[in-house]
Each structure stands twice: as structure tokens, then as C-alpha cells.
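> Show me the folded form of this:
(one chain, ligands or ions: 2)
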Amino acid sequence: MRTQVAIIGAGPAGTLLAHILAQAGIEHVVIERQSRDHVLSRIRAGVLEWGTVETLRRYGLGERMDRDGHVHNTINIAWRGEEVLSIDTVDRVGKRMMAYGQTNIQEDLYRAADERGAAIVFEADDVALHDLTTDHPSVTWSSGGSSGGSAGGRTERLDCDYVAGCDGFHGVARQSIPAGLRREFEKVYPFGWIGILSETPPLPILLYANHERGFGLCSMRSPMLSRYYVQCPLTDTVDDWPDDRFWTELLGRLPRSQAEQIVTGPSIEKSIAPLRSFVAEPMSHGRLFLAGDAAHIVPPTGAKGLNLAVADVLYLSHGLIAACKGDPGPLERYSDTALRRVWGSVRFSWWLTGLLHRFPGQTDFDQRAQEQELYHLSQSALAQAAMAEQYVGLPY
Ligand code: RFL
Ligand code: PHB
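Residues are numbered from 1 along each chain as shown. Ligands and ions are numbered 1, 2, ... in the order given. Okay, the predicted model is just below:
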């Protein structure tokens, strides 16, 4: 097989890139390790920057989001167990955000791909990238076996002009860049988040909580679907968190006035995510270009991961479209352009993680410094504007 752009990974980054390239008439094939149902079963992001909202609209993906998404304009932080600091992003920087689940975006992207008859290869095993520093790279994989690895797979090969590595943190694309040419920056946090979905009405606001028992977060997916998280030790498993314990812990971390409004119920999904910051530089190697979690990870505290993936894809799609028309300049600048934004979001997510969590071994000094920063944020319109500007997303 031959195509112009081989896209590895059918998550949000890979399928949005495919969607944009299709509108520009650029041939591409998407190759995904998992099944479609598996990708759709992952519960992840929920808060979209306004730039992400406008991007999805611009490419004809906004219809269901505009119908079902929940626009909001306050970032709320409970602290000292009683006060809620509320930052109005419209007052501070004139922008809002949208609560709309990544699962819904992924469904919208797959539906759009079905409508245009797009080529997505699911359950591709042993994906490998070849000849990336030549002008004739290729991708091979085995198909026909189950993703459990049973025998009988056939080796497929796709020749292409460019490879987009959109295969997430555990993918093969980043690993295809020789270790000596790649620099990695990493920070692993000493805790995770356990998150649940429950079919109960959410709080009407997005509420982060800094509490002596640890961080908590109340978010939403729809009028009858809530998403909640609490900070937990890295050694915990979901079995350590029966629903009763989760609700007790969440409510115990919120001010009473907020806790009283929470409607509890059985969880329909429960998972633990470790918190990590990670950046790989550069984001390109020969004809390979990384986008999304394949190149960087942020802790979810700033709600930046999916939004960064969308920004990468915007820059990369412009670069690929220009290159296919004979202008290689924007693609050559892709890594530098994307990394400038990546480090902005990495720094912001690291800062917000430090502000809102309790760290093992946190001293009284650390504690007072954290409280002072929250106090300053509650008093200073300038500090609120600086936070709001980054939370809603800087211009592309
Ligand atoms: P994905 O979503 O991981 O998709 C990569 C795809 O590549 C496939 N793959 C391969 N395919 C072929 N060959 C291989 N060798 C492959 N290896 C892997 C995978 O199966 C997968 O389908 O990466 P992508 O597209 O870059 O998208 C990134 C986002 O998923 C991620 O950044 C966000 O979910 C992060 N995130 C949040 N981001 C936000 O912007 N706002 C939020 O509110 C937010 N909340 C979150 C989050 C992530 C969380 N977790 C679970 C880490 C909350 C949580 C709890
Ligand atoms: C979510 O709704 O899943 C969510 C919201 C805000 C975050 C992270 C996750 O910072």
C-alpha cells in the first residue's frame, strides 16, 4: 500500500489529524493497535480550552459538542476546608471553557471518519517504522491475528511520504527516534488520582479542592453524568476504593456547603492514573513527527493533555499540508513551534499540581507557602488573570 501520510494511533490526535488532512485532500491511513471499542471505552479528559472548541467547530466537528457540552466560565478552588475561591474567566480574560468528554469527541471523530469512508486499521500488532531519515519511509504491522497475539497474522506494509506519531505515551513512534538524538525531561509525582463516573447530577461548577486529606475534584460530563477524582497513594489499586470509601473521602475533602450538594450513587467506571510530567525533544526525526501524548504528558490538574494534542495537530496539519504543496518551511519548524506551547502547558500543569496537592513529607513551611499562594490568588485580580489566561488556553 502507498499513501502520503501514515498516522500511527487512532486516539484524538491521530483521528483529528486524519480529519483535517482529509479536508485538504491529502491521502492518509491511520493504524491503531487497539480495537475501536477499546479506544472508546477509555474515560479521560473533560475540559476543553476555547481554542479547542473553535478548532473542532472550524473543521465541522462542533455540532454535538455545541448541543451537549456545558459552557462554563469559573474555576473554583476550595481550600482550608471552608472557603471557595472562584475565578471568573470571562471577567479576567474574556474567555470560557467547555465541559465535553474526550469519549464524545472520539465518537464524533469516528463517526466523521465513517461518513467519509476513511481508512483506519484497528488491531494492528507489532507496528514498526522504517527508513525515517530517507524520503521513502514505511510502516509495517501484522494483522489478522487477535490483539491478544494469537498466531496467523499477516505482515502489511505501507509506504508513505511522512509518518505522524500519534500513538500516545506507550507507543512505538517516540521509541523509533534513536536514543542519542532524543532528550527526555520527566517528573513523576508521588501520588495518583482515582477517578469515578457516576450517573448522578453533577455540581453545576468545576470545583478543585486543596484539603489536608489530599486533593479532590468535581467535574461533569452531562446533566446526569458526573466525574470525580481524589488524590491517592501510588500503591493503591481500585480494589482499595469501594464506592463508599470514595464518596466519604471526596465529601470529606470539600467544604460542607459543597459536600451537601453532591448526589452520590454507584460508580459506573473507576480507574487510577499516576501523575507525571514528560517532554521528549525534538518532536520530529527525519520524516517522523510526534503529536499529543506520544511526545508529552502533563498531570491532569490543568486539564491540558487533550488540548495540547489538538494544538500539536493544528500545527502539524498546517506543516504537512504546506509540505505536500511544496513548501517544507512550516514542517521544518513544527517541533520548535509545538514545543513552545508544550512547555507553557507543562509548566502550568506542574504549578497547579503543586498548588493543589498534599505531597508526602510536605513540611509546615511548604504548607504555609502553599496557603499563602492560595490566599494571594484569592486577593489579587492580576494573579487570577494570570491563572485564567493559561487555564482557558493561550492563543495558538
Ligand atoms: P491517546 O489518547 O493515548 O491515543 C493514542 C492511541 O495510539 C494507540 N497506540 C498505538 N497504535 C498503533 N501502534 C502502537 N504501537 C500504538 N501504541 C498506542 C493507542 O491505543 C491510542 O488509541 O493519545 P493522544 O491522541 O495524543 O491524546 C491525548 C489525550 O488522550 C490525553 O492527553 C488526555 O486524555 C489527558 N487528559 C486530559 N486532557 C485535557 O485536555 N483535559 C482534561 O480534562 C484531561 N483530563 C486526562 C484527563 C488524562 C487522564 N488520564 C487517564 C491519564 C484525566 C485523566 C484521568
Ligand atoms: C475531567 O472532567 O475529567 C477533568 C476536569 C478537570 C481536570 C482534569 C479532568 O483538571
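> and Val313, what does it touch?
Val313 is in contact with Ala13, Leu16, Leu17, Ile20, Cys166, Ala291, Gly292, counting by Cβ atoms under 8 Å, 6 or more residues apart in numbering. For every residue, glycine as well, the C-beta is placed using N, CA and C.
> Quickly check those for the two that are furthest apart.
Using Cβ to Cβ, the contacts of Val313 span at most 13.7 Å, a distance reached by Ile20 and Gly292.
> which one is the closest residue to ligand 1 within the stretch 51-200 of the chain nearest to, not counting chain neighbours?
Per Cβ to the nearest ligand atom, Gly168 is where the stretch 51-200 of the chain lies closest to ligand 1, at 2.8 Å. Leaving aside its sequence neighbours, Gly168 sits nearest to Asp293 (Cβ to Cβ, 6 or more residues apart in numbering; 4.4 Å).
> Give me the pLDDT value at the one you found.
At Asp293, the model reports a pLDDT of 98.
> Helix, strand, or coil at the residue of the stretch 51-200 of the chain closest to ligand 1?
Secondary structure, DSSP: H, G, I helix; E, B strand; the rest coil: Gly168 is coil.
> Just the buried positions in the longest helix along the chain, please.
Counting by DSSP state H, the longest helix found in the chain is helix 334-356. Judged by neighbour count (16 or more other Cβ atoms under 10 Å), helix 334-356 contains these buried residues: 334-335, 337-339, 341-342, 344-346, 348-350, 352-356.
> what's next to it, contact-wise?
Residues contacting helix 334-356 (Cβ under 8 Å, 6+ apart): 77, 187, 189, 208-210, 215, 275, 277, 279, 281-284, 289, 291, 295-296, 298-302, 304, 307-308, 311-312, 315-316, 319, 330, 370, 373-374, 387, 390-391, 394, 396.
> Please spell out the ChimeraX selection for the buried subset of those.
Buried members of the contacts of helix 334-356, defined by 16+ other Cβ under 10 Å, are picked up in ChimeraX with:
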select :77,189,208,209,210,215,275,277,279,281,282,283,284,289,291,295,296,298,299,300,301,302,304,307,308,311,312,315,316,319,330,370,374,387,390,391
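> give me the subset of the contacts of helix 334-356 touching ligand 2.
Pro300, Thr301 (Cβ under 6 Å from any ligand atom).
> Give me the pLDDT for the closest residue in space to Thr264 that isn't next to it in sequence.
Sequence neighbours aside, Trp247 is the residue nearest to Thr264 in space, at 4.6 Å (criterion: Cβ to Cβ, 6+ apart). Trp247 is assigned 98 on the pLDDT scale.
> for stretch 203-210, the distance to its chain's centre please.
Remark: stretch 203-210 is offset 19 Å from the chain centroid, using Cα atoms, centre = their mean, to the nearest Å.
> where does the residue lying closest to Ile262 once chain neighbours are set aside sit relative to Val263, distance-wise?
Here the nearest residue to Ile262 in space, its sequence neighbours aside, is Leu251; by Cβ to Cβ, 6+ apart that works out to 6.2 Å. Look at Leu251 and Val263: by Cβ to Cβ, to the nearest Å, they are 11 Å apart.
> Comparing these two, which residue is more hemmed in?
More neighbours surround Leu251 than the other of Leu251 and Val263, with 16 against 12 (other Cβ atoms under 10 Å).
> The stretch 251-396 of the chain against ligand 1: which residues are in contact?
So the stretch 251-396 of the chain meets ligand 1 at Ala273, Gly292, Asp293, Pro300, Ala303, Lys304, Gly305, Leu306, Asn307, Ala309 (Cβ under 6 Å from any ligand atom).
> which of those has the most neighbours?
Gly292 (30 neighbours).
> Give me the nearest residue to Tyr100, chain neighbours excluded.
Nearest one to Tyr100, counting by Cβ to Cβ, 6+ apart, is Gly69 at 3.5 Å.
> Test my guess that that neighbour contacts Ala99.
Yes - with contact defined as Cβ atoms under 8 Å, Gly69 reaches Ala99; the gap is 6.3 Å.
> what is in contact with the two at once?
Leu48.
> Quick one: residues contacting Leu316.
So Leu316 contacts Leu17, Ala164, Phe289, Ala291, Leu331, Tyr334, Ala338 (Cβ under 8 Å, 6+ apart).
> run the last query once more with 10 Å
5, 13, 17, 20-21, 162, 164, 166, 283-284, 289-292, 330-331, 334-335, 337-338 (Cβ atoms under 10 Å, 6 or more residues apart in numbering).
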